[in-house]
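# Fold the following for me, if possible:
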Amino acid sequence: MLQAQIAAAKSKEKVIMAHIDLADGVPGIRGPMLLSPETTKPLRELVEVLLRSPNTLTPAEREVIATYVSSENDCYYCQHSHGAAAAEHLGGDYKLIDQIKQNFQAAPISDKMKALLAIAGKVQKGGKHVTTEDVGRAKNQGASDKEIQDTVLIAAAFCMYNRYVDGLATWAPQDPEIYREIGKRVVNLGYTASGWERPVSAVSR
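Numbers count the residues shown, from 1 in each chain. Okay, here's the model as predicted:
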């Protein structure tokens, strides 16, 4: 199903060529990952730990942090792929993800998440933008030291992932159904499942 969607999307879109020679039909971070097995493994393992390992922040909440930072960095592929994963964790609530990206303070999420997203947004601008007051506000809303640490680390890591994706001008499909399929796969299989090292069109679902 995903293979057919990608083929259709490629035929309709005006595709901007990546800065380096990447496999055709492989979106986002997956393209350059195919070129660098020695860095692909730790990058995939890192995102698995950050977004899916046991934690007092749910996988949905951590995907939301990744999505928000990616949106602030204007990384189309990352904000839509991780936004889809967040939405699928939340039972398909894509409207909520859009609300969070547009104005998380007005979104129907917990005050703790709003405080953590405020910290993540500061990290996106630069680590020194985070203030004692930002951290104190998060603690007052019930965030633990570990949750604050993880928020900062997720935000920092996704600045790296976003720049990796966009710094090489990788292909970002415009078809939302492609991202829905990616989101469902992440929820079901995670980030280290076999098949991620091959082009998306070759991955059986």
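# Would you point out which residue is most central in this structure?
Taking Cα atoms, centre = their mean, the centroid of the chain lies closest to His82, which sits 3.4 Å from it.
# quick one: which helix or strand includes that one?
Element membership for His82, per DSSP states H and E: helix 76-89.
# neighbouring contacts of the next helix-or-strand element following that helix?
Next helix or strand after helix 76-89 toward the C-terminus (DSSP H and E): helix 94-103. Applying Cβ atoms under 8 Å, 6 or more residues apart in numbering, the external contacts of helix 94-103 come out as 64, 67-68, 71, 79, 83-84, 86-87, 90, 106-109, 117. C-beta: built from backbone N, CA, C; applies to glycine.
# between helix 94-103 and helix 76-89, how many degrees?
130 degrees (axes from the mean of the first three to the mean of the last three Cα atoms, to 10 degrees).
# tell me the mean pLDDT over helix 94-103?
On average, the pLDDT along helix 94-103 is 98.
# Make a ChimeraX selection of the buried ones in the contacts of helix 94-103.
Selecting only the buried entries of these in ChimeraX, with 16 or more other Cβ atoms under 10 Å as the criterion:
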select :64,67,68,71,79,83,84,86,87,90,107,109,117
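# The contacts of helix 94-103: which two are farthest apart?
Within the contacts of helix 94-103, Ala84 and Ala106 form the most distant pair, 21.8 Å apart (Cβ to Cβ).
# Thought Ala87 was touching Asp93, still the case?
Yes. With contact defined as Cβ atoms under 8 Å, Asp93 and Ala87 form a contacting pair (5.5 Å).
# now what about the helix or strand that contains Val49, what contacts it?
Element membership for Val49 (DSSP H and E) is helix 37-52. Residues from elsewhere that reach helix 37-52, judged by Cβ under 8 Å, 6+ apart: 29, 33-34, 59, 62-63, 66, 82, 85, 150, 153-154, 157, 161, 190-192, 196-197.
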